[in-house]
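> coordinates only, sequence not included:
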């Protein structure tokens, strides 16, 4: 189809692009691209809203530009989608159910691993001492940091599901945390002799502050 700029201008000013486009065999978005290419203004959504409410609305004026025939080629129709058989649908559903969904990280733990690794000098086996102070209340060595963050993430998400909001406590809040020594010590066990304390605990203790 070939139209002049004036003919196209009259069409797009008569009805919205979403109505005119399908009549020309293209989408409203494609028609908007053609209008901009040939400097043919068209009313925005606000114009049609005001017009539907009976309010005054101004049409954009057609600027001067070289007159040339505008060719509009209808887009090729998309092939119809083939419906999946019941066997294919059930197989796809089974695959989706077999894949475990990993929970999204808790917002409080975004980017904290890098902050924890930027630490003051520590000896082997000592807990990390990051420079940044406002961080989740986690105590861990560098070797156990990833595991500690995973445990904290599971804990924070579980608390969120129960309706408890986990967040950084405000300054001056009357909250206290347990004291944890920064160096592992050996502890004598009654039946198994002297073993490092870390073998009894399994992992570092993690704490969180709740309102």
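It's in. Given the structure is predicted, the values throughout are model-derived calculations rather than measurements. Residues are numbered from 1 along each chain as shown.
> What segments of this structure are helices?
Secondary structure of the chain by DSSP state H: the helices cover 5-14, 17-23, 28-37, 45-52, 86-98, 112-117, 145-161, 197-201.
> Reformat those as CSV; add distance to residue 137 and mean pLDDT.
Backbone N, C-alpha and C define where each C-beta goes, glycine included. Listed next are these as CSV, based on distance: least, Cβ to Cβ, whole Å; pLDDT from 0 to 100:
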stretch, distance to residue 137, mean pLDDT
helix 5-14, 61, 91
helix 17-23, 54, 90
helix 28-37, 51, 91
helix 45-52, 50, 86
helix 86-98, 37, 65
helix 112-117, 11, 84
helix 145-161, 9, 88
helix 197-201, 17, 41
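> To residue 64, which of the ones you listed lies closest?
The minimum distance between residue 64 and the helices of the chain falls on helix 5-14, with 9.8 Å, by Cβ to Cβ.
> which of the residues in that closest one are buried?
Residues of helix 5-14 classed as buried by neighbour count (16 or more other Cβ atoms under 10 Å): 5, 8, 9, 11, 12, 13.
> cool, and stretch 129-149?
136, 138, 139, 140, 141, 144, 145, 148, 149.
> Ends of it, what's the gap?
15 Å (Cα to Cα, to the nearest Å).
> picking up where we left off before, return the closest of the buried residues of stretch 129-149 with respect to residue 29.
For the buried residues of stretch 129-149, the minimum distance to residue 29 (Cβ to Cβ) is 44.4 Å, reached by residue 149.
> List the residues that contact that closest one.
With contact set as Cβ atoms under 8 Å, 6 or more residues apart in numbering, residue 149 has these partners: 109, 112, 113, 138.
> what's the closest non-adjacent residue to residue 46?
Nearest residue to residue 46, sequence neighbours excluded (Cβ to Cβ, 6 or more residues apart in numbering): residue 57, at 7.6 Å.
> and the gap between that neighbour and residue 153?
As judged by Cβ to Cβ, to the nearest Å, residue 57 and residue 153 stand 54 Å apart.
> Same question for residue 59.
Distance of residue 59 to residue 153, computed by Cβ to Cβ: 57 Å.
> How about residue 106?
Residue 106 is 5 Å from residue 153, by Cβ to Cβ.
> who has more neighbours, residue 59 and residue 153?
It is residue 153, of residue 59 and residue 153, that has more neighbours when counted by other Cβ atoms under 10 Å, with 17 against 13.
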